[in-house]
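> I need the structure of the sequence given here:
(chains A and B)
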Amino acid sequence: MLDRSVAPPLLPIEHISFVAPQITILNNGVKLFWRNGLQNETSKIELHFAAGSATNDPLTASLCAGLLINGSEKRTAKQIQKALDAVGAYYDVSLSQESSVVTLYALKDQLIKAYKVFHESIFTAVFPLKEVQELVHSRRQKYTVQEQKVGFLAQRQFQRSLMAGSSYAKLIELSDFDRADRSQIQAFHAEHYLKGLKKVYLVGDLTTLDLNGFEVLLNAYGSEIAERAPFSWQPEQGATHIEQEGALQSALRIGRPLFNKTHPDFCAFSVLNTILGDYFGSRLMSNIREDKGYTYGIGSHVVENTKFGYFVIGTEVGVSTREATFQEIQHEFERLKTELVLAEELELVKSYLMGQLLKSADGPYAMLDLFANVETMGLDLSYYDHYISQIKAVDAQKLQELAKRYLNWEEMLIISAG
Amino acid sequence: MIAFERFTLANGLRVLFHKEPATPMAVVNVLYDVGARDENPEQTGFAHLFEHLMFGGSKHIPDFDAPLQAAGGQSNAFTSNDITNYYDVLPAQNLDTALWLESDRMLSLAFTPKSLEVQRQVVIEEFKQRYLNQPYGDAWLQLRPLVYQKHPYRWATIGKNIKHIQDATMDDVRAFFQKHYHPGNAILCIVGNFELQTIKEKVAHYFGTIPSQTKSPRQLPIEPPQQKFRIKTIQRKVPAGSFYYAFKMGKRISDSYYLADLLSDHIGNEKTGILYTELQRKKRLVSEITAYITGSIDEGLFVITGKLNPKSTFEELEAAIWPVLAQIKDKKMSKSALQQLILKLRTAKAFQDQGLLNRAMNLSFFELLDSAELLNTESARYEQISTTQLQQYAQVLLDKNRCSLLQIQPK
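Residues are numbered from 1 along each chain as shown, chains lettered A, B, ... in the order given. Presented below is the predicted three-dimensional model:
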């Protein structure tokens, strides 16, 4: 007979296999990473360019990314779209502060055909004036919509203050749209795309013939990525409130500079961060959502860039519970600093992190993303074995020590909007 | 091709199993045949509030999430106007944990006043965050009652207004559970590297003893056919005017769903679709425009939406959009354009089908709709469509008398 009050026994994760992609170094020095063995029809190619928005002119970077596939020497924007439609392909361009990532998705027997169109579009992009004007216009309008969102206001102020003194603090302002300039976009394209291919990820059960085809086309790009000036910043601390009349909720961003996974404390801090705010059962969720009902959601994260990292808590709460939320977050910091995490909670979080890692390694697409996370930082897959052993080894004393070092309210940057 | 097995327990629980040998994970998906359309018009937002309560502990298990997290897993859920869907993703060796948790909350919830109190607050914050404190956030709260006058699609899943959530009592909540949460009203789908026999044994072990209950028949008010164009204009603090042209389309299961789906892709595409080329590019009336379908189980909506350029007016758009829609009705799409649309759908489906969770959710949804086989046979339904059928359907669909227009004007 089933006794429902007794939980089924749990079995630990014994092993996670981390599968590396095949690596080809192209004539231009760019690395091509390829995963096959999918046993389905899907495929994608992903190009990473040194064309991120952390520059002195983030609007130009953003417009260049937005216009990359909008008119070339041979085709208009509409003709490009039609040519991609003809082979059933999709694409997206995603811009982060450090890179511009252009991804093309198609069935595997169509990918090379789609890529030929794609390549011509990116490589010989002409940025037609009409397309430039249309995009500037629509981006300006989208910006005015965004400006009404408390989350957007808080996030921007947070970024500006935390990354002060670095190019990462430079954000698009409304007035920038008046200065948008086609010749600057063209110059940015020549410098950051034509000469800025950083790496390429390829997924799919493709033929050797197709692979050779990709290599030939990819060789056209230069990879003369200028070494960025050494990273330096003067992060700010303390509280700033942005008032927005009539807002029903306030968006909060609370954080501090931290590190990325190249730092010795990273793995242990991941455990601490998860306990605090990075899963559904976290202390912030349990307290501020599940006990007090102040918010629909609250979370803490470690955000990584190649040269630095930071810690941030984000939430949107009812305006009247804003101060109470600050108090509760401080209370959770104090608990982590003064009380040892109990074994049951620590074990739960360790198992949870292992389960999530297993999931992140499941399937060629996920596995390649996991690989990219370490490759970007100059590490290799052995990092994950290190991560697993560090997670297993971390104890309550270590977590308390990290909380005392990194979770001090008076060292936080505290932004609220609304 | 997604192969699956199907069996039904004596208490009425329908079970689907799809074996995937390549994964170390397992997915457990539980779909309940209850959505916002099943709510009392005076107590809207209940199906969704209830979804929140399902994580507040069940009869024998005080906390839903902790055991699942300790097993290395994760869980979430969503509520739509049609269904409530719960899912767990966890390492395959701990499948039992998910089955234990899901079966206990199907058996009975804990129903603590504290859980109701807190989740009521959480849902109110969700209401603010997603619908009230966002530019254009309440568009669908306004559009639904304009389009649907009788059918319960006239309210959104979050509810008609916050008051219904504020007024919910323990008795209401208990009654909702009794009526909708039982084996005969659920579909369980398991995906992972298991043997069918093992799945049968485990499912029987955990779910077999849950008492059966008769499924109450669904008798929803029927939406009378729309006879006249409806228009509603509201003023909000937004930077640009925004418009929603909503046309009534068929049920999810009807042939017309597939026609509407292709048609929305065809006319709504950026750069190549006629809405973009005529209204954005040529006439410069809008700064963005697209078309999509809601795909709801009962009579759904085909929506054309976008934002006005600052210099243009709603009147100018009104005058320009109908001749464009007339062109769609008058001119047959080329065969090659249709083939391209179908190839794009094939690509999108191949990508969707490779996600384990997607497979589990889709198998469950199609089983509810008609049969899980639809997951494998739907592509053929698209491929049978002709350009003549599409044109004929456009003539029926894009009828101004069956259209409702919501305009949001900057204050």
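> contacts, neighbours, all on C-alpha from now
Noted.
> what's the strand or helix carrying residue B:349 in contact with?
Element membership for residue B:349 (DSSP states H and E) is helix B:335-353. With C-alpha atoms under 8 Å, 6 or more residues apart in numbering or on different chains as the test, helix B:335-353 has contacts from A:40-42, A:85-90, A:106-107, B:262, B:265-266, B:358-359, B:379, B:382-383, B:387.
> what sits closest to the residue nearest the centre of chain A if chain neighbours are left out?
With the centre of chain A defined as its mean C-alpha position, the nearest residue by C-alpha atoms, centre = their mean is residue A:96, 7.1 Å away. With C-alpha to C-alpha, 6 or more residues apart in numbering or on different chains as the criterion, residue A:96 has its nearest non-adjacent residue at 5.5 Å, and that residue is residue A:52.
> got the phi and psi for the one you found?
Residue A:52 adopts backbone torsions of phi -70, psi 170, taken as degrees, to the nearest 10.
> what does residue A:168 give?
Backbone geometry at residue A:168, expressed as degrees, to the nearest 10, gives phi -70, psi -10.
> ok, now residue A:291?
Dihedral angles for residue A:291 - degrees, to the nearest 10 - are phi -100, psi -50.
> got a list of what it touches?
Applying C-alpha under 8 Å, 6+ apart as the definition, the contact partners of residue A:291 turn out to be residue B:118.
> what's the separation between it and residue A:338?
Spatial separation of residue A:291 from residue A:338 under the definition C-alpha to C-alpha, to the nearest Å is 21 Å.
> just residue A:207 next, same as before
Following C-alpha to C-alpha, the distance that separates residue A:207 from residue A:338 is 59 Å.
> one more: residue B:149?
Using C-alpha to C-alpha, one obtains 59 Å as the distance from residue B:149 to residue A:338.
> look at those two and report which has more neighbours.
Set residue B:149 next to residue A:338 and count neighbours by other C-alpha atoms under 10 Å in any protein chain shown: residue B:149 wins out with 16 against 13.
> just the helices in the stretch 201-350 of chain A please.
Assigned by DSSP state H, counting those that start in this stretch, the stretch 201-350 of chain A shows helices spanning A:208-218, A:266-277, A:283-284, A:322-338, A:343-360.
> of all those, which lies closest to residue B:232?
Taking C-alpha to C-alpha as the criterion, helix A:322-338 is the member of the helices of the stretch 201-350 of chain A that comes nearest to residue B:232, at 36.1 Å.
> anything in that closest one near chain B?
No - applying C-alpha under 8 Å from any C-alpha of the partner chain, one finds that helix A:322-338 is not in contact with chain B, the shortest distance being 12.5 Å.
> what residues of stretch A:134-154 count as buried?
Under the neighbour-count criterion of 16 or more other C-alpha atoms under 10 Å in any protein chain shown, stretch A:134-154 has A:135-143, A:145-146, A:148-154 buried.
> also stretch A:43-61?
By 16+ other C-alpha under 10 Å, the buried positions in stretch A:43-61 come out as A:43-55, A:57-61.
> cool, stretch B:40-52 as well?
Residues B:43, B:44, B:45, B:46, B:47, B:48, B:49, B:50, B:51, B:52 are the ones in stretch B:40-52 that count as buried (16+ other C-alpha under 10 Å).
> distance from that stretch to the middle of the chain?
From the chain centre to the centre of stretch B:40-52 is a distance of 16 Å (C-alpha atoms, centre = their mean, to the nearest Å).
> show the contacting residues for residue A:40.
By C-alpha under 8 Å, 6+ apart, the contact list for residue A:40 reads A:205, B:350, B:354.
> burial count for the last one?
Counted with other C-alpha under 10 Å, residues neighbouring residue B:354 total 17.
> look up phi and psi at it.
Its backbone dihedrals place residue B:354 at phi -80, psi -10, with angles given as degrees, to the nearest 10.
> so the closest residue to chain A within the stretch 1-150 of chain B, which of the three states?
The shortest separation between the stretch 1-150 of chain B and chain A is 3.9 Å, found at residue B:72 (distances taken as C-alpha to the nearest C-alpha). Applying DSSP: H, G, I helix; E, B strand; the rest coil to residue B:72 yields a three-state assignment of coil.
> circling back: need the buried residues of stretch B:40-52 in a markdown table with pLDDT and distance to chain A, can you?
Written out in a markdown table, the entries for the buried residues of stretch B:40-52 read as follows (pLDDT from 0 to 100; distance: C-alpha to the nearest C-alpha, whole Å):
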| residue | pLDDT | distance to chain A |
| --- | --- | --- |
| B:43 | 93 | 21 |
| B:44 | 95 | 19 |
| B:45 | 94 | 15 |
| B:46 | 92 | 17 |
| B:47 | 94 | 17 |
| B:48 | 95 | 13 |
| B:49 | 94 | 12 |
| B:50 | 92 | 15 |
| B:51 | 94 | 14 |
| B:52 | 93 | 10 |
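> which of these fall in helices?
Mapping the buried residues of stretch B:40-52 onto helices (DSSP state H) picks out B:46, B:47, B:48, B:49, B:50, B:51, B:52.
> which non-adjacent residue is nearest the third one?
Nearest non-adjacent residue to residue B:48, counting by C-alpha to C-alpha, 6+ apart: residue B:79, 5.5 Å away.
> same deal with the last one?
Computed as C-alpha to C-alpha, 6+ apart, the closest residue to residue B:52 that is not its neighbour in sequence is residue B:119, at 6.4 Å.
> what's the burial count for the one you found?
Using other C-alpha under 10 Å, residue B:119 has 27 neighbouring residues.
> what does the one 10 residues further on give?
For residue B:129, the neighbour count with other C-alpha under 10 Å is 25.
> you'd agree it is up against residue A:319?
No - with contact taken as C-alpha atoms under 8 Å, residue B:129 and residue A:319 are classed as non-touching, separated by 11.4 Å.
> who touches both of the two?
Counting by C-alpha under 8 Å, 6+ apart, the common neighbours of residue B:129 and residue A:319 are residue A:249.
> show the contacting residues for residue 67.
As the question left the chain open, I've gone with chain A. With C-alpha under 8 Å, 6+ apart, residue A:67 has these contacts: A:127, A:131, A:132, A:135.
> meant chain B actually
A:7, B:97.
> that one: helix or strand, and which one exactly?
In this structure, residue B:67 sits in helix B:65-70 according to DSSP H and E.
> so what's the residue count around residue B:302?
Look at residue B:302: counted by other C-alpha under 10 Å, it has 25 neighbours.
> three-state assignment of it?
Local secondary structure at residue B:302 is given as strand here, using three-state DSSP.
> please report phi then psi for residue A:381.
Main-chain dihedrals, residue A:381, degrees, to the nearest 10: phi -60, psi -20.
> and it, how many neighbours?
By other C-alpha under 10 Å, the residues close to residue A:381 number 16.
> look up phi and psi at the residue lying closest to it once chain neighbours are set aside.
For residue A:381, ignoring the flanking residues on the chain, the nearest one in space by C-alpha to C-alpha, 6+ apart is residue A:371 at 6.4 Å. Residue A:371 adopts backbone torsions of phi -60, psi -40, taken as degrees, to the nearest 10.
> which pLDDT value goes with residue A:371?
Here, the pLDDT recorded for residue A:371 equals 97.
> about what we covered before: does the residue nearest to the centre of chain A touch residue A:53 like I think?
Yes - assessed by C-alpha under 8 Å, residue A:96 is found in contact with residue A:53 at 6.3 Å.
> re earlier: contact partners for the residue nearest to residue A:96?
Contact criterion C-alpha under 8 Å, 6+ apart gives A:61, A:95, A:96, A:97, A:98, A:99, A:100 as the residues in contact with residue A:52.
> try it again with 6 Å
Applying C-alpha atoms under 6 Å, 6 or more residues apart in numbering or on different chains, one finds that residue A:52 lies in contact with A:96, A:97, A:98, A:99, A:100.
> helices of the stretch 101-250 of chain B, start to end?
For the stretch 101-250 of chain B, the helices defined by DSSP H, counting those that start in this stretch cover B:113-127, B:139-147, B:162-166, B:170-180, B:196-207.
> will you turn those into a markdown table that also has mean pLDDT?
Compiled in a markdown table, these are given as follows (pLDDT from 0 to 100):
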| stretch | mean pLDDT |
| --- | --- |
| helix B:113-127 | 91 |
| helix B:139-147 | 97 |
| helix B:162-166 | 91 |
| helix B:170-180 | 91 |
| helix B:196-207 | 98 |
